[in-house]
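Q: Make a model of this:
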Amino acid sequence: MREEVKQRALDAINRMMRDGIGVMEASRLARTSRRTVKKFMKREGIRTLRKKGKLKIVPSMKQRINAFILHMNRGYSATASAKAVGTTVRTMARKTFNGIPIIVKVDRRWELNVLPIFRHSIVVYGRITGLGDNVQGSGVLPKERILPSSVQSQEEASVDDGDIKSPDADTAIWFQVDFNNFLSTLPRNEVGRYYTPLIMQALKNQLETADVVDTNLVEKFKNNDDVLSHSSATGRLTDDEITRLEQILNRYDVSLMTPANYGVDDNFIPDEVEFIGIDALGEETSLGDFQIFMLRDDEPAIYPSDSSGNPVPEVIILDYDLADELDY
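A: Okay, the predicted model is just below:
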């Protein structure tokens, strides 16, 4: 069984245990077939029973603990979570992770003391504006190129076509940054919404700060009357300094539009869920690959690139604190 097929079957099984749904619905949501899921369960020795006409998984205690934590992490009470995975709160209160209880009572209410930690793939993307706040390119952003087929959650930042005045009117131009190993305790349906503003701030700090000395490009910019007028009025280009984004695009006064769009997938396999104690939550650093795409025909031009035209993504450094997620 191919790894991709295995992961989809595991996803379906996780949905059955976590959400209490049947194998048919779980298979559909995981983009696999009921036959594949049943074949995988038989091969792995996963016990099942039929209850009220619906196929139910009989999980091991380890699976019950994992599912219980995942269920509570989605906002359900300890009682509801225990019932959903076929156990009791009393049983779960005795379970530990690395010597610490998985749940503790706070103000007469059970709360998680251990959280799942996911490895997400996050893509943040959007349009670019130039001098005069003109959107660069008016072509429809091709989501099938930006987002993998497994991405299920994203938000849209709308653009009024009437405001698009770029000379690249038939070209789709967009920026994109991919974080492929983004650690977070937040589930897929929350992590993108929470971190997109922080990611955008990191992008702007790194790419829109005028701290790159490029005398030749500054001289080229000044040959344009509109640029010369704007830079004189704003005090730009006096020290031959431009932003990294201007350097990548060879365009003056370009910036990344906000709010941005995002898409999220996760890379965790249900049988290999990682956990972390709340007291261990701390600072993390994630690295993202930033690129700009210009799509006019079938194949996009990708920037930045080396002297041979090969794409060389700009590395974006994002520092964040997992403890901040507790307040979300």
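
Q: by contact count, what packs against the host helix or strand of residue 6?
A: Element membership of residue 6 [criterion: DSSP states H and E] is helix 3-19. Contacts defined by 3 or more Cβ pairs under 8 Å, 6 or more residues apart in numbering; DSSP states H and E place helix 3-19 against helix 23-29, helix 34-44, strand 54-58, helix 61-73. From N, CA and C alone the C-beta is placed, and that goes for glycine too.

Q: Of all these, which one comes closest to residue 208?
A: Using Cβ to Cβ as the measure, helix 61-73 is the one of these that comes nearest residue 208, at 35.6 Å.

Q: next helix or strand past the closest one?
A: helix 78-84.

Q: For the very next helix or strand once past that following helix, which residues meet the burial criterion?
A: Counting by DSSP H and E, the next helix or strand C-terminal to helix 78-84 is helix 89-93. Buried residues in helix 89-93, counted by 16 or more other Cβ atoms under 10 Å: 89, 92, 93.

Q: thinking again about what came up before, looking at the helices and strands packed on helix 3-19, which one is packed in the most?
A: helix 61-73 (a mean of 21; mean count of other Cβ atoms under 10 Å).

Q: now what about that helix, what contacts it?
A: 14, 17-18, 59, 78, 80-82, 84-87, 92, 95, 102-103, 112, 114-116, 185, 187, 270-271, 273, 275 (Cβ atoms under 8 Å, 6 or more residues apart in numbering).

Q: Residue 216 is in contact with residue 250, correct?
A: No - using Cβ atoms under 8 Å, residue 250 is not in contact with residue 216; the gap is 10.7 Å.

Q: more neighbours, those two?
A: residue 250 (11 against 8; other Cβ atoms under 10 Å).

Q: Once you drop chain neighbours, what's closest to the more buried one?
A: residue 217 (6.9 Å; Cβ to Cβ, 6 or more residues apart in numbering).

Q: How about the secondary structure of the one you found?
A: helix (DSSP: H, G, I helix; E, B strand; the rest coil).

Q: From residue 224, how far out is it?
A: Computed as Cβ to Cβ, to the nearest Å, the residue 217 to residue 224 distance reads 12 Å.

Q: The residue nearest to residue 250: what's it in contact with?
A: 242, 246, 247, 250.

Q: Take these and keep only those in strands.
A: residue 242 (DSSP state E).

Q: Now a ChimeraX select for only the buried ones of the contacts of residue 217.
A: Buried residues within those, by 16+ other Cβ under 10 Å, are selected in ChimeraX with:
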select :242,246,247
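
Q: which one of the contacts of residue 217 is nearest residue 303?
A: Using Cβ to Cβ, the contacts of residue 217 come closest to residue 303 at residue 250, 8.9 Å.

Q: Need phi/psi at the closest one.
A: The phi and psi values for residue 250, taken as degrees, to the nearest 10, are phi 60, psi 40.

Q: I'd like to know how far it sits from residue 46.
A: 56 Å.

Q: Same question for residue 238.
A: From residue 238 to residue 46 the distance is 68 Å (Cβ to Cβ).

Q: quick one, which of those two is more surrounded?
A: Legend: neighbour count by other Cβ under 10 Å for residue 238 and residue 46, higher for residue 46 (20 against 11).

Q: any low-confidence regions in this structure?
A: The model of the chain has pLDDT under 70 over residues 139, 148-170, 267-272.

Q: Would you point out which residue is most central in it?
A: In the chain, the centroid-proximal residue (Cα atoms, centre = their mean) is residue 122; its distance is 2.0 Å.

Q: Show me what that one bridges to in the sheet.
A: Bridge pairing for residue 122 (DSSP bridges) gives the partners residue 179, residue 264.

Q: hang on, it packs against residue 178?
A: Yes - the pair residue 122 and residue 178 passes the contact test of Cβ under 8 Å, sitting 7.5 Å apart.

Q: Pull up the overlap in contacts between the two.
A: residue 288.

Q: now the contacts of residue 217 in CSV, with distance to residue 24?
A: Compiled in CSV, the contacts of residue 217 are given as follows (distance: Cβ to Cβ, whole Å):
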residue, distance to residue 24
242, 57
246, 53
247, 53
250, 54
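
Q: Spatially, which two of the contacts of residue 217 are the most separated?
A: Applying Cβ to Cβ across the contacts of residue 217, the maximum distance is between 242 and 250, 10.0 Å.

Q: next structured bit after the helix or strand harbouring residue 190?
A: Assessed by DSSP H and E, residue 190 sits inside helix 188-207. Where DSSP H and E defines the elements, the next helix or strand beyond helix 188-207 is strand 212-213.

Q: Can you give the strand pairings for that following strand, parallel or anti for each?
A: Short version: by DSSP bridges, strand 212-213 pairs with strand 241-242 (antiparallel).

Q: what's the one helix or strand residue 233 maps to in contact with?
A: Assigned by DSSP H and E, residue 233 falls within helix 225-234. Residues from elsewhere that reach helix 225-234 (Cβ under 8 Å, 6+ apart): 131, 132, 221, 222, 236, 237, 238, 252, 253.

Q: check contacts around the last one.
A: I take that to be residue 253. Contacts of residue 253 (Cβ under 8 Å, 6+ apart): 130, 131, 227, 230, 236, 246.
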